[in-house]
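Visitor: Next come a sequence and a model predicted from it.
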Amino acid sequence: MRKRAAVLCAAAVVAGSLSALPARASTPPPPAAATTAHDGRGAGPDWKKCGTTRYPTLECASLRVPLDHARPRGRQITLALSRVPHTGTTYQGPLLVNPGGPGGSGLKLAGFVASALPKRVAEQYDVIGFDPRGVGSSEPALDCGPGHFDPPRPDPVPSTRALEKANLARAKSFAEACGRKYADLLPHMGTVSAVRDMDAIRRALGARSINYFGYSYGTYLGAVYAKLYPHRVRRLVLDSVVDPTGAWYDDNLRQDYAFEDRHRAFLAWVAEHDAAYGLGTDAEKVEDAWYAMRAALGRKPADGRVGAAEVEDTFLPGGYYNGYWPYLAEAFAAYVKDQNTVPLVAAYDAFGAVDAAGDNGYSVYTSVQCRDAAWPRDWQQWREDNWAAYAKAPFLTWNNAWYNAPCAFWPTRSLTPVDVTNHALPPALLFQATNDAATPFEGGLTVHHLLGRSSLVVEQGGGNHGITLSGNSCLDGYLAAYLTDGTVPRGYDDVDAVCPAQPEPEPLDAKAARGGSRGTTLHGLVGFRS
């Protein structure tokens with residue numbers, strides 16, 4: 001899981017390089033002193049002001065929960081919480097929000113959601129963010145292998161036995177490091193444990209039920225909560241829906257094909273804007289130029305850091321959010337036309353480089369996904385499946401395989417994924433873009449069928465991951481209506497409502513480089529590798 005900037009900065013780089021890049025999000029303020037979950041009759045969390053310039057009304061607290069919920073009086077760990085309190089005369093209870101991952105911090109997401117919703121809606125809720133166990137400001141926070149992504153890494157495509165051995169050694173070493181450092185924690189790092197924590201948050205807030213709003217993996221977290229606590233769910237919003245039937249090996253293979261389509265959409269966009277980038281109007285030739293760049297960087301990494309693996313990491317976020325396309329295109333064009341590596345290195349630092357928060361997020365990502373479901377332990381199956389996918393989807397396949405490969409060597413046994421089928425819920429509201437790469441469209445349809453009485457709103461032609469509160473007024477209208485009074489659209493067959501996608505971005509100009517957008521802010525919080 002990679003967390004990147006929430007806003008676009010205006011800092012200029014040298015001529016011919018990127019006009020502006022996303023700035024890194026600042027570290028969330030530390031949580032306040034811990035308190036213990038209660039039954040609703042005593043004092044709740046001890047909220048302290050922790051506002052930021054962007055989110056001045058944020059409050060923070062901590063909550064102690066059992067490491068093992070089967071042993072409630074055993075060892076305790078700490079969850080970091082955030083809140084934007086309701087201000088309206090009508091109060092509809094807590095709205096828990098989660099950005100996905102697994103491994104994403106939700107503390108600032110509370111501030112974003114409260115500010116992005118219409119005021120008349122947000123003021124009716126306590127918007128609650130939280131860092132799930134192991135994440136960010138929660139304690140202990142995992143970091144299995146600091147510097148695991150230090151550049152340059154071996155080429156992800158194992159075209160030689162030596163490259164395969166090098167990448168396998170990295171994956172195995174990471175899994176072993178997690179086992180050595182966190183042997184006591186790893187058995188309690190799955191989605192079900194995180195869901196038990198969410199219900200502890202509910203109890204600490206003194207609420208009989210919760211409202212929930214999750215993006216990406218957060219949709220699975222919400223669906224599992226609803227399965228285990230169906231009568232504790234008041235409203236449920238799932239945006240960019242994970243397919244729970246593919247958890248998690250099959251889901252990652254399906255991603256490879258979807259990201260291939262999205263990467264080619266980016267390259268076609270570059271060809272359409274030849275006047276800005278000068279790489280030609282033939283999308284196939286633009287694609288050839290991209291792979292030629294990758295090959296050259298594999299031989300000679302830019303700045304000694306941006307090799308084949310790192311350039312894939314840099315362009316991957318474009319598959320999540322097309323607002324990044326103009327920045328990536330400028331870096332691409334500068335390298336191809338002028339052999340100028342400065343913009344490319346700057347793009348890597350903004351989009352691809354992994355810092356300490358990223359190390360933590362990846363440690364939680366693997367700890368949860370490797371624990372949640374069975375992964376093949378025979379590397380021959382990985383080899384066969386990923387070479388087959390690579391033949392049709394070369395952009396991400398092997399990069400994605402190595403990202404998940406520690407699960408082939410994980411030191412704890414795997415659990416059985418939760419069947420989220422549920423007919424005991426009130427109406428839930430789902431949002432899905434038809435061309436989403438990280439959580440392909442079929443996942444939204446699947447969960448729509450599994451959750452009785454749910455409604456599915458589709459962004460037709462949209463390719464971004466995380467689509468509500470990102471500038472599409474049609475989608476946001478359905479969200480606001482649902483959070484106001486529970487209204488859901490009712491259509492026919494598989495889809496209940498359709499919204500047109502937002503226009504594709506335009507190449508950068510001076511005005512665009514000076515400011516960000518709500519979509520950019522959201523995608524900085526939702527992050528990559530969700």
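Guide: Yes, it's here.
Visitor: Tell me which helix or strand residue 312 sits in.
Guide: When elements are assigned from DSSP states H and E, residue 312 belongs to helix 308-315.
Visitor: Now do the same for that helix: mean pLDDT, whole number.
Guide: Helix 308-315 shows a mean pLDDT of 98.
Visitor: what comes into contact with that helix?
Guide: 2, 149, 151-157, 263, 266, 290, 293-295, 297-298, 301, 306, 328, 331-332, 344, 347-348, 351-353, 395-396, 399 (C-beta atoms under 8 Å, 6 or more residues apart in numbering). For the C-beta atoms, the positions are set from N, CA and C on the backbone; glycine is no exception.
Visitor: Among those residues, which are located in helices?
Guide: 263, 266, 290, 293-295, 297-298, 328, 331-332, 344, 347, 399 (DSSP state H).
Visitor: Residue 94 bridge partners, please.
Guide: Taking DSSP bridges as the rule, residue 94 bridges to residue 126.
Visitor: quick one: contacts for it?
Guide: 125, 126, 127, 128, 202, 205, 207, 210, 211.
Visitor: buried ones in stretch 402-417?
Guide: 402-412, 414, 417 (16 or more other C-beta atoms under 10 Å).
Visitor: Same check on stretch 368-377?
Guide: 368, 369, 370, 371, 372, 373, 375.
Visitor: which residue packs closest to residue 264, ignoring adjacent ones?
Guide: Of all residues not flanking residue 264 in the chain, residue 287 sits nearest, at 6.8 Å (C-beta to C-beta, 6 or more residues apart in numbering).
Visitor: tell me the mean pLDDT over the helix or strand where the one you found lies?
Guide: Element membership for residue 287, per DSSP H and E: helix 283-299. Across helix 283-299, the average pLDDT comes to 98.
Visitor: Can you give the contact residues for it?
Guide: 155, 264, 267-268, 270-271, 279-280, 306-308, 310-312, 315, 332, 335-336, 394.
Visitor: Go ahead and build a PyMOL selection from the buried members of the residues you listed.
Guide: For the buried members of the contacts of helix 283-299, the matching PyMOL selection, counting by 16+ other C-beta under 10 Å, is:
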select buried, resi 155+264+267+270+271+279+306+307+308+310+311+312+315+332+335+336+394
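Visitor: coming back round to it: distance between the helix holding residue 312 and the chain's centre?
Guide: Distance of helix 308-315 from the chain centroid (C-alpha atoms, centre = their mean, to the nearest Å) equals 18 Å.
Visitor: Now list the buried members of the contacts of helix 308-315.
Guide: 2, 149, 151-157, 263, 266, 290, 293-294, 297-298, 301, 306, 328, 331-332, 344, 347-348, 351-353, 395-396, 399.
Visitor: Tell me who's in contact with residue 120.
Guide: Taking C-beta under 8 Å, 6+ apart, one finds 88, 484 in contact with residue 120.
Visitor: And stretch 292-305, end to end?
Guide: Start-to-end span of stretch 292-305 (C-alpha to C-alpha, to the nearest Å) is 18 Å.
Visitor: Distance from that stretch to the middle of the chain?
Guide: 27 Å.
Visitor: now swap in stretch 128-139 and tell me
Guide: Distance, centroid of stretch 128-139 to centroid of chain: 15 Å (C-alpha atoms, centre = their mean).
Visitor: and the end-to-end length of it?
Guide: First residue to last in stretch 128-139 (C-alpha to C-alpha) measures 18 Å.
Visitor: Not counting its neighbours along the chain, what's nearest residue 216?
Guide: Per C-beta to C-beta, 6+ apart, closest to residue 216 is residue 100, 3.0 Å.
Visitor: residues near residue 356, how many?
Guide: 12 (other C-beta atoms under 10 Å).
Visitor: go on, residue 460?
Guide: 12.
Visitor: hang on, residue 432 is in a strand, isn't it?
Guide: Yes - counting by DSSP: H, G, I helix; E, B strand; the rest coil, residue 432 is part of a strand.
Visitor: That one: what's it in contact with?
Guide: Per C-beta under 8 Å, 6+ apart, neighbours of residue 432: 240, 241, 439, 441, 443, 444, 445, 456, 457, 458, 459, 467.
Visitor: how far away is the fourth one from residue 105?
Guide: This points to residue 441. Distance, residue 441 to residue 105, using C-beta to C-beta, to the nearest Å: 27 Å.
Visitor: Pick out whichever of the buried residues of stretch 402-417 sits closest to residue 496.
Guide: residue 417 (26.3 Å; C-beta to C-beta).
Visitor: Can you give me the pLDDT of that closest one?
Guide: For residue 417, the predicted pLDDT is 96.
Visitor: Any buried residues in the strand or helix carrying residue 78, and which?
Guide: Per DSSP H and E, residue 78 falls inside strand 76-84. Counting neighbours by 16+ other C-beta under 10 Å, one finds that the buried residues in strand 76-84 are 77, 78, 79, 80, 81, 82, 83, 84.
Visitor: same thing with stretch 381-394?
Guide: So, applying 16+ other C-beta under 10 Å, buried residues of stretch 381-394: 382, 385, 386, 389, 390, 393, 394.
Visitor: Strands along the protein, start to end?
Guide: 7-8, 22-23, 34-36, 48-49, 59-66, 76-84, 94-98, 126-131, 210-215, 233-239, 429-433, 455-460, 497-500 (DSSP state E).
Visitor: Low-confidence stretches in this structure?
Guide: Applying pLDDT under 70 to the chain flags residues 1-43, 510-516, 530.
Visitor: quick revisit: could you dump the buried residues of stretch 381-394 into JSON lines with distance to residue 110 added?
Guide: Formatted as JSON lines, the buried residues of stretch 381-394 follow (distance: C-beta to C-beta, whole Å):
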{"residue": "382", "distance to residue 110": "38"}
{"residue": "385", "distance to residue 110": "39"}
{"residue": "386", "distance to residue 110": "38"}
{"residue": "389", "distance to residue 110": "37"}
{"residue": "390", "distance to residue 110": "40"}
{"residue": "393", "distance to residue 110": "36"}
{"residue": "394", "distance to residue 110": "39"}
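Visitor: quick revisit: from the buried residues of strand 76-84, which single one is nearest residue 136?
Guide: Nearest member of the buried residues of strand 76-84 to residue 136, counting by C-beta to C-beta, is residue 80, at 6.5 Å.
Visitor: Quick check: that closest one vs residue 499, distance?
Guide: 34 Å.
Visitor: Among the contacts of residue 94, which one has the most neighbours?
Guide: residue 128 (32 neighbours).
Visitor: Isn't it up against residue 98?
Guide: No - the criterion here is C-beta atoms under 8 Å, and residue 128 misses it with residue 98 at 9.9 Å.
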